[in-house]
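Visitor: would you be able to build a 3D model of this:
(one chain, ligands or ions: 1)
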Amino acid sequence: MTTTTFGERCFASWYPRFMARVERAGQADVRRAQLAHAHGRTLEIGAGSGLSVPHYPDDLAELVLLEPNQALRAQLTARTDAPAARVTVVDGDAHALRFPDASFDTVTASLVFCSVRDPARALAEVHRVLRPGGQFLFHEHVRGTGLRATVQDLLTPVQRRLADGCHANRDFESLLRATDFHLETILRARMPTLLPTIVPLVVGTARRQ
Ligand SMILES: C[S@@+](CC[C@H](N)C(=O)[O-])C[C@H]1O[C@@H](n2cnc3c(N)ncnc32)[C@H](O)[C@@H]1O
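Guide: Predicted coordinates:
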């Protein structure tokens, strides 16, 4: 059982309201289009307040929602818009997933790898719990280029403090390319928000071979 800090409780109180506007501005469409590809036994890591939950297909075999922040987990449990599949909300840590090797067909993550302490280790865990041929659906805000990257570097220490460890400047694509995953699709997009540090997005699919 993880403990929830004051910072995590604060984050749980403002993040869903902040994102509600972003979702209405188009982010929900990104989730819907991507999560339509989820199938079989599915794990979402860092599920937060459950903004992805209504976008999963109804015919999943099972949906496991992993979230270490207790205040966010309570919001997840309270959701009534989950797919028809069996849904379980669990505590846990992406660095050490408490699931056997090759136990999921799909793993999903949205806006999570900016926050995990050791993204390479978390990616290795995602790879381990996927069955061979299984898919990792990701959707992450990332380091930009030029002036934006400079601004992200400058503001990351502040953003980490205010947003529960969120690094504005993580180069998720390079981290993913350094793993054993086969990168199948990657779309570079923009988050519909005025906050410049979290605008560049990558959305895609990587497969365990
Ligand atoms: C910016 S929020 C995104 C929440 C949600 N996925 C979404 O799309 O709105 C980042 C999430 O990652 C979770 N997180 C941070 N470190 C984690 C870890 N080591 N293992 C699992 N989840 C983690 C946080 O608790 C939080 O819910």
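Visitor: what helices or strands is the longest strand seen in the chain leaning on?
Guide: Scanning the chain for the longest strand, with DSSP state E as the assignment, gives strand 130-141. Using 3 or more C-beta pairs under 8 Å, 6 or more residues apart in numbering; DSSP states H and E, the elements in contact with strand 130-141 are helix 28-35, strand 104-110, helix 172-177, strand 200-207. All C-beta spots, glycine's among them, are computed from the backbone N, C-alpha and C.
Visitor: so which of the ones you listed comes closest to residue 124?
Guide: Proximity to residue 124 (C-beta to C-beta) singles out helix 172-177 among the helices and strands packed on strand 130-141, at 10.6 Å.
Visitor: direction included, what does the helix or strand just after that closest one pair up with?
Guide: Downstream of helix 172-177, the first helix or strand assigned by DSSP states H and E is strand 182-190. Strand 182-190 has its sheet partners listed here by DSSP bridges as strand 200-207 (antiparallel).
Visitor: pull out the buried positions in the strand it pairs with.
Guide: Buried residues in strand 200-207, defined by neighbour count with 16 or more other C-beta atoms under 10 Å: 200-206.
Visitor: now swap in stretch 15-32 and tell me
Guide: Those would be 15-16, 19, 22-23, 27-28, 30-31, for stretch 15-32 by 16+ other C-beta under 10 Å.
Visitor: before we move on, what about stretch 189-202?
Guide: Applying 16+ other C-beta under 10 Å to stretch 189-202 flags 189, 191-193, 197-202 as buried.
Visitor: nearest to residue 176 among those residues?
Guide: Closest approach to residue 176 among the buried residues of stretch 189-202 (C-beta to C-beta): residue 202, at 8.4 Å.
Visitor: so who does that closest one touch?
Guide: 138-140, 142, 172-173, 186-189 (C-beta atoms under 8 Å, 6 or more residues apart in numbering).
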